[in-house]
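S.K.: Predicted structure and sequence below. I'll ask about it afterward.
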Amino acid sequence: MNTLPKKSFGRTDMRPAALALGAAFLHGSEDTIAAIHLALDLGINYFDTYPGHREEKWGVALEGVPRSSYYLQAKIGTHPDRSKDFSGETAYWSIEQSLKAMKTDYLDAVLVHDPLDIEEPLRKGYVFDVLHKLKEEGVVRNIGLGARTHDWHVRLIEEGITDLALTYLDYTLINQSATATIFPAARQKGVGLILASAQGMGLLTGLEPDPDRERSMYPGSEPQAHQMWAWCREQGVSIRHLAIQFCLAAPTDSMVMVGPSNTQQVQEAYDAATAPIPEDVWQAFEAVFGVTRGM
């Protein structure tokens, strides 16, 4: 069985596997625990959870697994009881809930998740202030931001506020806009990147993509996913394999986070990350679509 390589992850002390497991769609699954166990068996050791969305399942799944063998990341801003609340009080409350649910005494990383604006979380006494205090206490090991807005990532990276960043939809086969903004800042400051939505939120899974949906996700850009999908079908190539391995080759300290909803999709993501792709396939794809790995 092919194995997942370990990755450098900026200035953090973490050395995660190249593929990480996100809980955005997994938390409601009947086989969540089995999916987490499968991920562990496959060598996936970085888990991103969703506070307020059955985090206790992760506590059950990871019970008895040596805590030093995996990384656990929670969020602030997702709990349905205090959604988009980035006050200091809620930051403490949310982390306490996550620690209790997952039966651990520390979190390897905490993301401030998708704030509506960046000014409120940065206010004194609010979430980032609290996270830095908890980092000093060892309860939180690393601090990050999960957001689409590039300017926010760059600002927090350059000001030394975050140790890691999660970006989504902006480093895929159909859009690499993060390479001009977030990537350079992260390299300069030693910040690890989590690349989410490698499969373009369904556009690059192998199902026929909807050009109108792509237009809504990338306004002002000419849809490419359908052309890539058709080319891959003609060549007998898996677009899912290309999509995930393109992100795995990103020119920065990063890992790829997938968001499966069941055990089958965990296995499919692993297979996509480790399947051999002949070099001539990459060369042909790059020649047709102008998308170069590692650039």
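M.R.: Looks like it came in fine.

S.K.: where in the chain is pLDDT low?
M.R.: 1-2, 28, 295 (pLDDT under 70).

S.K.: Tell me which stretches of it form helices.
M.R.: With DSSP state H applied, the chain shows helices at 32-41, 56-62, 88-102, 119-122, 127-137, 150-158, 182-189, 211-217, 225-235, 239-248, 263-274, 279-289, listed in chain order.

S.K.: What are the buried residues along the third one?
M.R.: By neighbour count on 16 or more other CB atoms under 10 Å, the buried set for helix 88-102 is 88, 90-95, 97-99, 101-102. Where C-beta positions appear, they are placed from N, C-alpha and C, glycine not excepted.

S.K.: export those to a markdown table and tack on distance to Met217?
M.R.: What follows is those, written out as a markdown table (distance: CB to CB, whole Å):
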| residue | distance to Met217 |
| --- | --- |
| Gly88 | 34 |
| Thr90 | 30 |
| Ala91 | 30 |
| Tyr92 | 35 |
| Trp93 | 33 |
| Ser94 | 29 |
| Ile95 | 32 |
| Gln97 | 32 |
| Ser98 | 30 |
| Leu99 | 35 |
| Ala101 | 32 |
| Met102 | 32 |
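
S.K.: sorry, back to before: now the helices of the chain as JSON lines including distance to Gly144?
M.R.: What follows is those, written out as JSON lines (distance: least, CB to CB, whole Å):
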{"stretch": "helix 32-41", "distance to Gly144": "20"}
{"stretch": "helix 56-62", "distance to Gly144": "18"}
{"stretch": "helix 88-102", "distance to Gly144": "14"}
{"stretch": "helix 119-122", "distance to Gly144": "12"}
{"stretch": "helix 127-137", "distance to Gly144": "9"}
{"stretch": "helix 150-158", "distance to Gly144": "9"}
{"stretch": "helix 182-189", "distance to Gly144": "11"}
{"stretch": "helix 211-217", "distance to Gly144": "23"}
{"stretch": "helix 225-235", "distance to Gly144": "28"}
{"stretch": "helix 239-248", "distance to Gly144": "18"}
{"stretch": "helix 263-274", "distance to Gly144": "21"}
{"stretch": "helix 279-289", "distance to Gly144": "31"}
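
S.K.: Let me know which of those helices is the nearest to Thr172.
M.R.: With CB to CB as the measure, helix 239-248 is the member of the helices of the chain nearest Thr172 (6.6 Å).

S.K.: and the closest one with helix 263-274, angle?
M.R.: Using axes from the mean of the first three to the mean of the last three CA atoms, to 10 degrees, the interaxial angle of helix 239-248 with respect to helix 263-274 works out to 60 degrees.

S.K.: helices or strands next to helix 239-248 in the packing?
M.R.: For helix 239-248, the elements it packs on are helix 225-235, strand 254-258, helix 263-274, helix 279-289, judged by 3 or more CB pairs under 8 Å, 6 or more residues apart in numbering; DSSP states H and E.

S.K.: 7 Å instead?
M.R.: Where contact means 3 or more CB pairs under 7 Å, 6 or more residues apart in numbering; DSSP states H and E, helix 239-248 is packed against helix 225-235, strand 254-258, helix 263-274.

S.K.: Deepest in the core, which of these is it.
M.R.: strand 254-258 (a mean of 27; mean count of other CB atoms under 10 Å).

S.K.: Go ahead and name everything in contact with that one.
M.R.: With CB atoms under 7 Å, 6 or more residues apart in numbering as the test, strand 254-258 has contacts from 7, 9, 16, 18-22, 46, 48, 192-196, 198, 244, 247-248, 269.

S.K.: how about CSV for the helices and strands packed on helix 239-248, with distance to Ile161 added?
M.R.: Formatted as CSV, those follow (distance: least, CB to CB, whole Å):
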stretch, distance to Ile161
helix 225-235, 34
strand 254-258, 19
helix 263-274, 31
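
S.K.: so which of these comes closest to Glu137?
M.R.: Comparison of these against Glu137 by CB to CB identifies strand 254-258 as nearest, at 26.2 Å.

S.K.: Neighbouring strands - and their directions - for that closest one?
M.R.: The partner list of strand 254-258 in its sheet, established with DSSP bridges, is strand 19-22 (parallel), strand 192-196 (parallel).

S.K.: Against Ser254, how distant is Trp152?
M.R.: Counting by CB to CB, to the nearest Å, the gap between Trp152 and Ser254 amounts to 18 Å.

S.K.: Next up, the contacts around the nearest residue to Ala198 once chain neighbours are set aside.
M.R.: Closest residue in space to Ala198, ignoring its immediate chain neighbours: Cys247 at 4.2 Å, by CB to CB, 6 or more residues apart in numbering. Neighbouring residues of Cys247 by CB under 7 Å, 6+ apart: 171-172, 195, 198, 256.
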